[in-house]
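**Student:** Fold the following and give me the result.
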Amino acid sequence: MTFPKPWVLGVVCLLAAAEEPRIRNARTETRAVSGDFEAAVAAIARQQPSGWFGYSIAVARDGGWQNCSNVVHLEGAERALVLGRIEGGAVTRIRTLPVECEIDAGGQSFTWFTGVTQAQSVRLLTGIVKAANSGNRERQRLRDSAFSALSQHSGAEAEQAIEQFADAAQPDWMRERAISALAQNREPKATAALTAIARNDKTVRMRSFAVGRLADKLGPDAIPTLKAIIRNDPSDEVMRQAVQGLTRVGEEHGVPALIEIARARDNPPARKEAMRRLGQAKDTRARAFLEEFVK
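**Tutor:** Coordinates of the predicted model:
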């Protein structure tokens with residue numbers, strides 16, 4: 001039998017420890033998750049009147065969290081902590097923090113779960129969002145914090161869950177939150193889902209909202225889709241949002257696209273909006289075109 005070299009074991013231990021938060025002022029225990037994570041959380045909720053639990057996830061983006069240390073992730077953080085508050089046998093609060101944070105549990109019990117997969121975390125948080133979808137303000141805060149944590153996850157499981165919350169059957173406020181989350185998700189399917197909403201959704205409000213997020217997500221790569229929406233969408237509101245989107249991809253690429261639309265004569269409303277946006281641009285090409293147009 002071949003045993004790992006001591007330095008290999010040291011690296012493994014360091015990596016495992018790096019995921020665990022620094023916890024003080026708490027009654028702590030560590031539990032390994034091998035099966036149903038939701039059942040494991042429910043079990044500790046039954047066993048103690050109040051307390052906290054936590055685990056780590058791989059993140060899709062920098063969550064813009066509060067700074068907890070002098071660590072600066074120039075390429076964005078790769079992992080984050082998800083913390084849950086338990087009271088009265090149920091999860092009542094969700095927090096997401098950088099892994100560098102030191103946690104003061106205020107004398108409460110704290111259960112740290114190891115081995116939690118992305119899929120297990122997504123199922124837990126999705127269940128919390130759905131269960132707290134109606135009710136008082138506290139339940140709404142729980143729902144919002146759980147959805148915020150869900151939107152930070154990397155991986156296909158999170159993308160699929162977010163896409164379901166963007167479905168037409170959901171209320172508009174939930175769809176808008178899900179659309180914003182799709183715009184931040186790195187999965188290729190998130191871009192496809194966002195594009196489909198921007199081009200094909202039945203409601204003007206959702207198409208318009210998705211168009212803006214698509215421009216922010218793709219930058220210059222959004223220009224072909226934005227131009228197609230300007231040509232084909234029957235809503236002037238969506239058209240105006242798509243023209244505005246061309247100004248948000250950067251003047252280097254956006255101004256030529258605006259000039260192209262302003263030269264076309266087959267869509268007067270789009271042409272007028274493009275002219276208005278060019279008038280606001282500081283680009284010399286925009287000024288030259290407008291001077292040429294005036295002459």
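**Student:** check contacts around Ser154.
**Tutor:** By C-beta atoms under 8 Å, 6 or more residues apart in numbering, Ser154 lies in contact with Ile57, Ala58, Val59, Ala60, Gln118, Arg186, Glu187. Glycine gets a C-beta too; all of them are placed from N, C-alpha and C.
**Student:** Tell me the most packed of the residues you listed, by neighbour count.
**Tutor:** Ile57 (27 neighbours; other C-beta atoms under 10 Å).
**Student:** Secondary structure class of that one, three-state.
**Tutor:** Ile57 falls in the strand class when you classify it by DSSP: H, G, I helix; E, B strand; the rest coil.
**Student:** measure it to Thr28 for me?
**Tutor:** 20 Å (C-beta to C-beta, to the nearest Å).
**Student:** and if you look at Lys202?
**Tutor:** For Lys202 relative to Thr28 (C-beta to C-beta), the value is 51 Å.
**Student:** related to what we said a few turns ago, looking at the contacts of Ser154, which gets the smallest pLDDT?
**Tutor:** Within the contacts of Ser154, Ala60 has the lowest pLDDT, namely 79.
**Student:** Pick out the residue closest to the middle of the protein.
**Tutor:** Ala181 (3.3 Å; C-alpha atoms, centre = their mean).
**Student:** For the stretch 51-200 of the chain, which segments count as helices?
**Tutor:** 118-131, 137-152, 156-165, 172-184, 188-200 (DSSP state H, counting those that start in this stretch).
**Student:** so which of those helices comes closest to Lys217?
**Tutor:** Among these, helix 172-184 comes nearest to Lys217, with 4.4 Å by C-beta to C-beta.
**Student:** quick one: low-confidence parts of the stretch 101-250 of the chain?
**Tutor:** 134-135 (pLDDT under 70).
**Student:** quick one on the thing from earlier: please identify which of the contacts of Ser154 is nearest to Arg143.
**Tutor:** Ile57 (18.5 Å).
**Student:** Please name the bridge partners of the closest one.
**Tutor:** In this entry, Ile57 is beta-bridged to Ala80, by DSSP bridges.
**Student:** Now do the same contact list for it.
**Tutor:** Contacts of Ile57 (C-beta under 8 Å, 6+ apart): Arg79, Ala80, Val82, Val116, Gln118, Ser121, Ala149, Gln152, His153, Ser154.
**Student:** is it true that the first one touches Ala58?
**Tutor:** Put plainly, it is Arg79. Yes. The pair Arg79 / Ala58 is scored as a contact, 5.7 Å apart, by C-beta atoms under 8 Å.
**Student:** Before we move on, what's the pLDDT of Trp87?
**Tutor:** Check again: residue 87 is Glu, not Trp. 94.
**Student:** Burial check on it, number of neighbours?
**Tutor:** Neighbour tally, Glu87, other C-beta under 10 Å: 13.
**Student:** Not counting its neighbours along the chain, what's nearest it?
**Tutor:** Excluding the flanking residues, the one nearest Glu87 by C-beta to C-beta, 6 or more residues apart in numbering is Ser50, at 4.9 Å.
**Student:** how far away is Pro224 from Leu218?
**Tutor:** 10 Å.
**Student:** neighbour-wise, which of those two wins?
**Tutor:** Using other C-beta under 10 Å, the more surrounded residue of Pro224 and Leu218 is Leu218, with 19 against 11.
**Student:** wait, doesn't that one sit right on Pro188?
**Tutor:** No. In this structure, Leu218 is not within contact of Pro188 by C-beta under 8 Å, at 11.8 Å.
**Student:** Now do the contacts for the closest residue to Val82 other than its chain neighbours.
**Tutor:** Once flanking residues are discounted, Val82 sits nearest to Ala149: 5.3 Å by C-beta to C-beta, 6+ apart. Contacts for Ala149 (C-beta under 8 Å, 6+ apart) come out as Ile57, Val82, Ile94, Arg95, Thr96, Leu125.
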